[in-house]
Structure formats: C-alpha cells, structure tokens
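Participant: I need the structure of the sequence given here:
(chains A and B)
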Amino acid sequence: MKQFLFIIAALITATATANAEDTDFWSMSYTYEAEGKYQAAAALIEKNLNKSADKEFALIRYAWLNYLLGNYDDSISNYQKAIAINPDSIDAKLGITLPLLASQKYSKTKRYAKQVLEVSPWNYTAHMKIILCEQAQKRWATLKSHTQALIKHYPTDTTLQVFLARAYANLDEGDNAVKTYKKVLIRYPGHYEALNYINQ
Amino acid sequence: MLKKITTLSAISLITATTSASAADSWKNTVSISGLGGNYYQSYKRNTYDGVGIKFSGDYLDQGGLTIGVKNSTIEFNLGYDDIQQNSLLLSGRYNFFPDVINGKLTASTDIHYIDNDDVTGDSDDVYAIAPQITYLPYSADYTLNLGVAYTKYQNELSVTQITPNVGFAFNGNKGWLNIGGYFISNDNANRAQGVDSTEAVEFSVSHAISKDIFLPINYVLGGLMLGERIYAVDNTSQSVYNVANVQKGSVSLGCSWDFGSNISLLTILGHEKFLDADINDEYSSNYVYLNLSKKW
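Facilitator: Numbers count the residues shown, from 1 in each chain, chains lettered A, B, ... in the order given. The predicted structure is shown next:
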C-alpha cells in the first residue's frame, strides 16, 4: 500500500514539474518576444517543440516567431503543420496569411482567408488580408466593391474608408475619392494621405 | 450537420452581398465612332467613311466582353463599283493573377466577321480570329503582348499574322510608348499584290496632360507606322484591313477631350500611304476619326 502511495505521489510530482517547465518556457518565450529577442524566443520554442503538451500552440508560436524573424518559408510550413493538427483553427489560418502576404503569395493568402470566411463570413481580419491582396494586385474594381460591402458592416472604420478612397482614385473616380477621403478625415482628423489627396 | 448549415449560411450571405452589389461590379463603356477620309492621287479610290458602335463591359477585374458593329463605304472613281461594308466584332478577355509572375496576365480573343458587296468577292465574307496574351506587372510601368491572327478570305486566301508588342511608361507614368511589330504572311501571293509576306513596325505614344493647362484635353497621342503591311488585323483598333493594297506607312496625331460625367471624345487626324501594286499606283489618304464614349 505504501509503495502504491509512493508511486502516485511521484507521478503527481513529475506531472507538476513538467507543467511548471512548460509554463516556464512559454513565459520565457513571451518575455524574449516582448524584448524583441525573436531568435531566442524561437530557439526556446524549437527546443521544446516535441516535448510540449500543446503541440498546436507550440507550432503556431514558432511559426509566428519565424514570421517576425523574416523566415517566411519556415513560418508557412509550421502554420501548415498546426492547421493539419486542427483544421478548424482560425488562428492558424489567419496566421499563415502573414508570411504568405510577405512572400507576395496572394492566391494562397486569399485561399486561407476565404477558409476563415466560410465559418465567419464578416471576420474583419480575414477580409483585411484579402483587401491587402487586392491592393497589391491593383484589382481596384474588386477592391472598391469589396470595401463598399464591408463598410456596411463596419461603418465607423477608418481603414476601410482609406482603401475605398484609394480604389476610387485609381479607377479615375476623383470626385468619389475626395468624398471618401473627407469621411476619412472625419474619423481621423489630420490623416496625411487624405489631406494630401484632397489638397493636390 | 450544424457545421454544414453554418457554412452554407455563410456562403449564402457572401453570395447575397455579391449579388446586391452586382450592378456596381460592372464597368461599362459605350462608344460611337465616325471615320471620314479621302484618297489623294489614287487611280481607283475616291473617299471613305464609316460609323460604328461598340459596347464593352468588364466585371470587376476578372474579364469582359465587347461587341461592336461598323458600317463603312468606300467610294471609288468612275468605272469602279463602290463597296458597302458591315463588320461585326465579338471580343472576350479574362485576367489571371498568378503569384509567380508578380503581375496580371490577360488572355483575350477578338473574332471579326466582314460582309460587303465587293463584286469580286475578294474582300467579302471575311472571318478573322485574333487571340492575344498580355502581361502587365503590378508596377504597371511596362507591358508585353503577343498576338496572333488568322484571317480567312474567299477565293483561296488565308493570312497569318504575328504581332509582338512592348510598351513602356515614362515621365512618372504620365506617358506611354508602345512599339509593335507586324509579321504577316499569306498563302496566295496572287491575291496579295504579289507579296507573300510583309513586315511593319508601329510606334504609338500617349501622354496625359492636366485639364487645367489647355482646354478639357486629358491626353494627347501620336502614331507612326513604318514598313509595309497588307491584310493586317489591328488589335488596338480591333479592325481588319480587308481591302487589298499595301499600306506603306502612316502617321497620326490626336487628343482625348474629357467633358465630365465620364464622357470623352477622342479625335485623331491621320495620313497613310498605300501602293496598289497591281497597277503600280502609289497614293495616300488623309482621315479624321472621332470616337465619343460614355463610361458608367
């Protein structure tokens, strides 16, 4: 009986120690990240990648830190591993759009953002990733239509108004661009781009 | 099951929103054009004129369709029959945005049909198909284009054309210079003024100008064609030169007038030189071209 109790106690202690170590390396990685030491944070996660009880979380953290380090291919592959573990992860699907955008892989960026929209149709972040692709690809007519639809759901948002104004400006709809930049100035007085366009 | 319903609802919502803004998603242009010109020192030809209407619609940045009809008349000198002609144009284009090329690829095809009352039948019942591929980088400071055209005429003549083009922006993207080559060959020199192939190069330049500087003109343009071409398919003006004679050069100048409310008028004055090799008759032509368009 004594032996059995000893084994139970040893198991509890071991689990508690492992949890404490897990918590320690997570918090250390966040501390390093806050200090801008992305390499150190990533190295810490990488060392514990296969030991962590939460592999999905570790992969997303590691992918994010690699994105911050500019290692876009590594970032993409680790986000993909996280998505393979949990295909419902909106976190990972939005996360992977960051290195994809930075690598100018717009088709893939939109593919992941649209997967998010399938479960969350008006997810602002997912729409914003698609908007960034549309702007990068100079798809001004699409950008105009897209931002107009989104503004109905986010009428106070300044960023959407800026993108709409840019679309108008590039579609040679100068009057509409001015009207929209004026809406930007109401929401964000002194907005440099809006003032610049109106005063040109 | 719940996931399926949620997904279907989400997709329906996106589709409904898209449909609601469908009217805004089309960018349309209708244009009415007029052309008039005279032939100078031509043994056979006297004047020509034509009117046309063209409708063009583009859905967002995905692609578009164009349909156009044109009626034209070539008035010949005494002893030769005039030609009345109707032309039909159908054109479609689709844009691709592949990540690997960091720009836009546009695949397009123009289909032409020409019907006229040419008593010889040589220029009547003409079919042409002209596919093209165009690359425009996102920087939009240059473009590459390759066009081919195949034209089928009556009385044993078919014409093949290769048209490479390159365009460059200059002066802070306010100006644009385009250089295009025409490499045209046919399978029956007897039906083509004795030549089985012609080559020409065409330069066209345009430059935006501020409307405040001079009248409501928003850009000026010029064109120069050197070399020779016969039975050409012009992909810029979307027209077929079906009436035989060798074009031996041309020059044109024009401007676009912006009248507001998305209405503009393009005016071009041009001069062309031709050779009717069958009778060794060199002549020229002066023309004026007007194109009034409305966008919405």
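
Participant: all contacts plus neighbour counts: C-alpha atoms, from now on.
Facilitator: Fine.

Participant: for the closest residue to chain A within the stretch 101-250 of chain B, which non-adjacent residue is spatially closest?
Facilitator: Distance from chain A to each residue of the stretch 101-250 of chain B (C-alpha to the nearest C-alpha) is smallest for residue B:138, at 6.0 Å. Once flanking residues are discounted, residue B:138 sits nearest to residue B:103: 4.7 Å by C-alpha to C-alpha, 6 or more residues apart in numbering or on different chains.

Participant: residue numbers of the stretch 101-250 of chain B in contact with chain A?
Facilitator: Counting by C-alpha under 8 Å from any C-alpha of the partner chain, the residues of the stretch 101-250 of chain B close to chain A are B:102-104, B:138.

Participant: surely the residue of the stretch 101-250 of chain B closest to chain A touches residue A:134?
Facilitator: No. Applying C-alpha atoms under 8 Å, one finds residue B:138 not in contact with residue A:134, separated by 11.0 Å.

Participant: returning to what we had before: contacts only, for the residue of the stretch 101-250 of chain B closest to chain A.
Facilitator: Going by C-alpha atoms under 8 Å, 6 or more residues apart in numbering or on different chains, residue B:138 touches A:136-138, B:102-104.

Participant: again with residue B:123
Facilitator: Going by C-alpha under 8 Å, 6+ apart, residue B:123 touches B:116, B:153-154, B:242-244.

Participant: distance check, it against residue B:44.
Facilitator: Using C-alpha to C-alpha, to the nearest Å, one gets 16 Å for the distance from residue B:123 to residue B:44.

Participant: and what of residue B:181?
Facilitator: Taking C-alpha to C-alpha as the measure, residue B:181 falls 29 Å from residue B:44.

Participant: next one: whichever strand or helix holds residue A:117 to chain centre, how far?
Facilitator: In this assignment (DSSP states H and E), residue A:117 forms part of helix A:106-119. Relative to the centre of its chain, helix A:106-119 is centred 12 Å away, using C-alpha atoms, centre = their mean, to the nearest Å.

Participant: contacting residues around it?
Facilitator: Helix A:106-119 is contacted by residues A:90, A:93-94, A:96-97, A:100-101, A:123, A:126-127, A:129-130, A:133, B:6-7, B:10-11, B:97-99 when judged by C-alpha under 8 Å, 6+ apart.

Participant: over to stretch B:143-152?
Facilitator: B:126-137, B:158-168, B:233, B:235.

Participant: in strands, which of those appear?
Facilitator: When strands are assigned by DSSP state E, the members of the contacts of stretch B:143-152 inside them are B:126-137, B:158-168, B:233.

Participant: buried members of the residues you listed into PyMOL, please.
Facilitator: Selection of the buried residues among these in PyMOL, burial being defined by 16 or more other C-alpha atoms under 10 Å in any protein chain shown:
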select buried, chain B and resi 126+127+128+129+130+131+132+133+134+135+136+137+158+159+160+161+162+163+164+165+166+167+168+233
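
Participant: let's verify residue B:42: helix, strand, or coil?
Facilitator: With DSSP: H, G, I helix; E, B strand; the rest coil as the basis, residue B:42 sits in coil.

Participant: can you tell me the SS state at residue A:58?
Facilitator: Under three-state DSSP, residue A:58 falls in the helix class.

Participant: quick check: closest non-adjacent residue to it.
Facilitator: With C-alpha to C-alpha, 6+ apart as the criterion, residue A:58 has its nearest non-adjacent residue at 6.0 Å, and that residue is residue A:49.

Participant: go on, residue B:65?
Facilitator: Among residues not flanking residue B:65 along the chain, residue B:92 sits closest, at 4.5 Å (C-alpha to C-alpha, 6+ apart).

Participant: my read is the one you found is in a strand, agree?
Facilitator: Yes. Residue B:92 forms part of a strand when assessed by three-state DSSP.

Participant: so what's it up against?
Facilitator: Shown in contact with residue B:92 (C-alpha under 8 Å, 6+ apart): B:63-66, B:108-110.

Participant: between those residues, which has the most around it?
Facilitator: Among those, residue B:110 has the most neighbours (other C-alpha atoms under 10 Å in any protein chain shown), with 22 neighbours.

Participant: what sits closest to that one if chain neighbours are left out?
Facilitator: Distances taken as C-alpha to C-alpha, 6+ apart put residue B:91 closest to residue B:110, at 4.3 Å, once the chain neighbours are dropped.

Participant: and residue A:33, by the same measure?
Facilitator: Distances taken as C-alpha to C-alpha, 6+ apart put residue A:41 closest to residue A:33, at 5.9 Å, once the chain neighbours are dropped.

Participant: could you do residue A:67 as well?
Facilitator: Once flanking residues are discounted, residue A:67 sits nearest to residue A:75: 5.4 Å by C-alpha to C-alpha, 6+ apart.

Participant: what about the helices in chain A?
Facilitator: A:2-34, A:38-48, A:55-69, A:72-85, A:90-102, A:106-119, A:124-136, A:140-151, A:158-170, A:174-187, A:192-198 (DSSP state H).
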